[in-house]
Each structure stands twice: as structure tokens, then as C-alpha cells.
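A.B. asks: Sequence unavailable; structure follows:
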């Protein structure tokens with residue numbers, strides 16, 4: 001029959017073996033949760049920017065169409081809660097009567113695609129619609145960074161990830 005001192009020693013060894021795995025599980029749960037929060041925040045900011053770009057002139061308090069800088073300010077203010085705000089890139093594109101104008105308002109806007117063409121951009125329908133697109137790109141940095149061995153592809157937590165969201169809306173002009 002084993003005595004209580006050896007049972008306590010076994011429990012301490014088991015705890016010491018399980019503790020690093022529990023620590024990694026908790027750290028990755030926190031990092032994955034903050035990644036999901038960042039992805040949702042960037043998607044909502046791009047959607048709000050496109051909606052403001054299209055509907056901004058329809059409000060009683062703002063009778064004119066908002067400028068690209070005003071749209072970018074709205075997107076920037078929407079992601080104010082994210083830790084790596086300086087990595088945000090915002091591009092605002094407008095397509096009216098087949099004439100597209102894209103302005104990179106915040107950041108360098110590298111790697112952003114083109115604005116999709118309006119499917120009804122032919123004949124008399126071309127003058128009816130205005131398309132607005134807002135591209136938002138943000139680089140997520142893990143909240144709790146841990147060690148990694150890049151040569152072997154081993155990471156203790158998720159790496160830095162670029163989140164790119166695009167929102168396209170159109171309105172009758």
C-alpha cells in the first residue's frame with residue numbers, strides 16, 4: 001500500500017506535465033478570440049463606410065455626399081478599439097456613370113483588388129446607379145505573442161494575420 005507522500009509526488013509530477021498544455025490552451029483561446037473580434041470589427045467598419053458613402057447624403061443632418069476622407073475617418077473611428085490601428089489601410093472607390101475613381105485614403109493600400117463592375121452599367125441604366133466600395137485591410141497581431149520556430153513552421157500561437165474586408169453597395173442616384 002503506497003503512502004501519502006508518494007501519492008503527493010505523483011500528483012505534482014502530473015500537474016507539472018499538464019500545466020504547459022493548459023497554459024497554451026488558455027493563451028490560444030484568448031488570441032483566437034481577439035482575432036475573431038478584429039475580423040468582425042474590420043468587416044463592420046468596411047460595411048459602415050460603404051453604407052455611409054452611399055447613404056450619407058440622404059440624412060437630414062448631412063445633405064451632401066460625404067467625401068472620401070470623411071468615409072475613411074468613419075472606418076478609422078470604427079476600429080479604434082483594435083490594438084494595431086496603425087496598420088489599417090482604407091481605399092474608397094466610387095463608380096458613377098461608368099467613371100470609376102479610387103482614392104487610397106489611409107495607408108499605402110498595397111494588394112487591394114479592383115472594384116467590381118456594376119452589372120447594370122449599360123445603356124440608360126448606367127446613369128441610374130452609383131456604386132461605392134470600401135476596402136479595409138488590417139494586420140492582426142496576437143494579443144499574447146509566444147515563441148515560434150519559423151524554419152520548422154512551429155508556433156505556440158497564431159501568427160500575425162492580414163484581415164482584408166471589402167464592402168460594395170450601390171444606390172440609385
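C.D. replies: Looks like it came in fine. Keep in mind that this is a model prediction, so the values were computed, not measured.

A.B. asks: and stretch 27-38, which residues are buried?
C.D. replies: For stretch 27-38, burial by neighbour count (16 or more other CB atoms under 10 Å) applies to 27-28, 31, 34-35, 38. For glycine as for every other residue, the C-beta is placed from the backbone atoms N, C-alpha and C.

A.B. asks: Give me the pLDDT for residue 152.
C.D. replies: Residue 152 is assigned 81 on the pLDDT scale.

A.B. asks: Tell me how far it lies from residue 137.
C.D. replies: 29 Å (CB to CB, to the nearest Å).

A.B. asks: Have a look at these two and say which one is more surrounded.
C.D. replies: Comparing residue 152 with residue 137 by other CB atoms under 10 Å, the one with more neighbours is residue 137, at 23 against 7.

A.B. asks: secondary structure class for the more buried one?
C.D. replies: strand (DSSP: H, G, I helix; E, B strand; the rest coil).

A.B. asks: The helix or strand of the chain with the lowest mean pLDDT - which strands sit beside it in the sheet, and in what orientation?
C.D. replies: Every helix and strand in the chain was compared by mean pLDDT, DSSP states H and E; the lowest is strand 99-106, with a mean of 75. Strand pairing for strand 99-106, determined by DSSP bridges: strand 89-96 (antiparallel).

A.B. asks: Now the partner strand: buried residues?
C.D. replies: Buried positions in strand 89-96, judged by neighbour count with 16+ other CB under 10 Å: 89-96.

A.B. asks: I'd like the distance from that strand to the chain centre, please.
C.D. replies: Computed by CA atoms, centre = their mean, to the nearest Å, the chain-centroid distance of strand 89-96 equals 17 Å.

A.B. asks: for the record, mean pLDDT for that strand?
C.D. replies: In the prediction, strand 89-96 has an average pLDDT of 85.

A.B. asks: again with stretch 48-63
C.D. replies: 78.

A.B. asks: what's the answer for stretch 130-138, then?
C.D. replies: Across stretch 130-138, pLDDT averages out at 88.

A.B. asks: what about the strands in the chain?
C.D. replies: 89-96, 99-106, 129-140, 148-149, 154-155, 161-172 (DSSP state E).

A.B. asks: tell me what the last one is packed against?
C.D. replies: Pointing back at strand 161-172 there. helix 4-55, strand 129-140 (3 or more CB pairs under 8 Å, 6 or more residues apart in numbering; DSSP states H and E).

A.B. asks: Just put the ones you listed in TSV and tack on distance to residue 106.
C.D. replies: Putting the helices and strands packed on strand 161-172 into TSV (distance: least, CB to CB, whole Å) gives the following:
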stretch	distance to residue 106
helix 4-55	11
strand 129-140	9
